[in-house]
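A.B. asks: Got a predicted structure here, sequence first:
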Amino acid sequence: MTRLTTILFLFLATFMYSQKSTLLKNINYRASELQHNLNQEGDTLILRGERTIDKVEIFNDDFQKVYLVNGLETKIPLTDIPVGKFITEVKVNDKLIIITLLRHDNFEETTENIKEEQEATIVQRSTSGQSTYQNEAEGKTILPIESEEPLIETPPKPVKFYWIVKNINKGHSSSKKMRIGDKEVVDQMIAQHEIDLQLRTGKHNTLTIWEVYNTTKFLRFKRQHPDYATLKEADCFNTKPIYKSEGD
């Protein structure tokens, strides 16, 4: 009981309440280099990093906005962000830090949403005995259903965005770039990758792209399942890559 109370206290301490927004702070130690808060009115996201903040993306299934920063700190106005729940992805050099932002009009309604998030996280941490990123209760694997009845073909799911993983191998060093992108970004990266493969410096690079049906669920699912790339079934993304190229 004491342990559960401590977890509850720590979880509640990660919330930044305000009139118009609620920020669910990322308490993972890998995110400690980024200070992230809201102003008193809740209409501005304030970010300060120990290293350069390259850009910030705020998105959900129906909305996406990108802010180029290239500095140690920034203030992002939230007045044009609609009501809803958003993933805030902050790129700090080679690291992506994920924060959850709630935009709301009705505080009581938001309190209920936070309570649901809180209960889901506490149950997961208590049963697993491990500390994870906040809000990782979602993400389920679909299991095949045995039936003697003829199977009805399921219509394809609408693709919201794409998950892109590019491995850069220069022989003496290697790095990995991961991001969410739309169809235009995918086309650009595939075209660039095909060019890279013809060059001596890029012939060992690899590029893999998956279709994502629900970006919010996928990002949580990915953090909860580091082996996501080897899974056969999932409800938030197409486990079979639409593009997979291996370097020579």
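C.D. replies: Looks like it arrived, so ask away.
A.B. asks: Longest strand in this protein, by number of residues?
C.D. replies: strand 44-59 (DSSP state E).
A.B. asks: For Q35, see how far away Y29 is.
C.D. replies: Noted for Y29: a distance of 14 Å to Q35, by C-beta to C-beta, to the nearest Å. No exception for glycine: its C-beta is placed from N, CA and C like everyone else's.
A.B. asks: For these two, indicate the residue with more neighbours.
C.D. replies: Q35 (13 against 8; other C-beta atoms under 10 Å).
A.B. asks: nearest spatial neighbour of that one, skipping sequence neighbours?
C.D. replies: R48 (4.3 Å; C-beta to C-beta, 6 or more residues apart in numbering).
A.B. asks: mind giving me the domain ranges of this structure?
C.D. replies: Using automatic domain parsing, the domain parsing of the chain gives 7-128, 161-245.
A.B. asks: Ranked by average pLDDT, which of these falls at the bottom?
C.D. replies: Ranked by mean pLDDT, those end with domain 7-128 at the bottom, a mean of 75.
A.B. asks: Give me the distance from the longest strand of the chain to the chain's centre.
C.D. replies: Relative to the centre of its chain, strand 44-59 is centred 15 Å away, using C-alpha atoms, centre = their mean, to the nearest Å.
A.B. asks: Contacts only, for the residue positioned nearest the centre of the chain.
C.D. replies: For the chain, the residue nearest the mean C-alpha position is L219 (3.7 Å; C-alpha atoms, centre = their mean). By C-beta atoms under 8 Å, 6 or more residues apart in numbering, L219 lies in contact with I87, E89, I98, I180.
A.B. asks: Would you confirm that the second one belongs to a helix?
C.D. replies: No - the assignment for E89 (DSSP: H, G, I helix; E, B strand; the rest coil) gives strand, which keeps it out of a helix.
A.B. asks: can you pull the contacts of it?
C.D. replies: V56, E57, I58, F59, L96, I97, I98, I180, L219.
A.B. asks: can you rerun that using 6 Å?
C.D. replies: By C-beta atoms under 6 Å, 6 or more residues apart in numbering, the contact set of E89 is E57, L96, I98.
A.B. asks: Same question for Y228.
C.D. replies: Contacts for Y228 (C-beta under 6 Å, 6+ apart) come out as K222.
A.B. asks: How much space separates it from K177?
C.D. replies: 17 Å.
A.B. asks: ok, back up a step: now do the SS call for the residue nearest to the centre of the chain.
C.D. replies: Quick answer, by three-state DSSP: L219 is helix.
A.B. asks: roughly how far apart are it and I168?
C.D. replies: From L219 over to I168 the distance is 22 Å, taken as C-beta to C-beta.
A.B. asks: What of W210?
C.D. replies: In this view, W210 and I168 are 19 Å apart by C-beta to C-beta.
A.B. asks: Have a look at the two and say which one is more surrounded.
C.D. replies: Using other C-beta under 10 Å, the more surrounded residue of W210 and I168 is W210, with 23 against 17.
A.B. asks: who does the closest residue to the more buried one other than its chain neighbours bridge with?
C.D. replies: Leaving aside its chain neighbours, W210 sits nearest to W163 (4.5 Å; criterion: C-beta to C-beta, 6+ apart). Per DSSP bridges, the residues bridged to W163 are I180, W210.
A.B. asks: close enough to count as contact, W163 and T208?
C.D. replies: No - taking C-beta atoms under 6 Å as the definition, W163 is not a contact partner of T208, at 8.6 Å.
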